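K.L.:
Requesting a structural model of the entry that follows:
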Amino acid sequence: MLVVDDDVALRQLLRRMLEPEGYAVVEAENGRVALERLRDVSPSLILLDLMMPEMDGFEFVAEFRRHEAWRAIPIVVITARDLSRDDHERLNGYVRRSSERRARPRSAAGRGARAGGDQRRPPTRPKA
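P.N.:
This next block holds a predicted model:
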């Protein structure tokens with residue numbers, strides 16, 4: 001699984017949540033680094049933030065589309081941004097699901113975050 005977010009703490013949190021479930025996690029701090037990682041690994045899923053420096057999630061998706069070999073990899077957007085109609089159009093069907101992170105009451109903060117349904121694959125898959 002490829003986790004693309006400029007927030008180091010969030011990447012580490014997702015790693016701590018996903019690795020015990022059998023996922024191999026590869027991290028990237030922005031879209032440009034994520035494209036470099038995709039040259040070396042074939043993740044079963046990409047968790048993508050939209051608001052990042054250097055190359056944001058929208059730019060990443062635009063470049064991602066150009067590579068036929070990557071098109072089968074699902075993308076789940078995790079963002080603090082409220083997505084507009086224009087945002088959805090820019091993502092143009094290449095994103096399977098989006099989850100907009102919202103501030104949570106303190107009591108809910110410790111429960112963990114889930115983007116959509118159960119996205120797990122069997123832990124025997126050797127892919128990242």
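
K.L.:
Check which helices and strands the longest helix along the chain is in contact with.
P.N.:
The longest helix of the chain (DSSP state H) is helix 8-18. Packed against helix 8-18, as judged by 3 or more C-beta pairs under 8 Å, 6 or more residues apart in numbering; DSSP states H and E, are the following elements: strand 2-4. For every residue, glycine as well, the C-beta is placed using N, CA and C.

K.L.:
which residues are in contact with the strand it packs on?
P.N.:
Residues outside strand 2-4 that contact it (C-beta atoms under 8 Å, 6 or more residues apart in numbering): 11, 14-15, 18, 25-31, 33-34, 37-38, 41, 43, 45-49, 52, 57, 60, 128.

K.L.:
at 7 Å instead, please
P.N.:
Identification of contacts with strand 2-4 by C-beta atoms under 7 Å, 6 or more residues apart in numbering yields 11, 14-15, 25-28, 31, 34, 37, 41, 43, 46-49, 60, 128.

K.L.:
Please report how far the closest residue in space to E19 that isn't next to it in sequence lies from F58.
P.N.:
Once flanking residues are discounted, E19 sits nearest to V25: 5.8 Å by C-beta to C-beta, 6 or more residues apart in numbering. The gap separating V25 from F58 is 23 Å, by C-beta to C-beta, to the nearest Å.

K.L.:
doesn't M1 make contact with the residue nearest to E19?
P.N.:
Yes - taking contacts as C-beta atoms under 7 Å, V25 lies within contact range of M1: 5.4 Å.

K.L.:
When the two are compared, which one has more neighbours?
P.N.:
M1 (24 against 18; other C-beta atoms under 10 Å).
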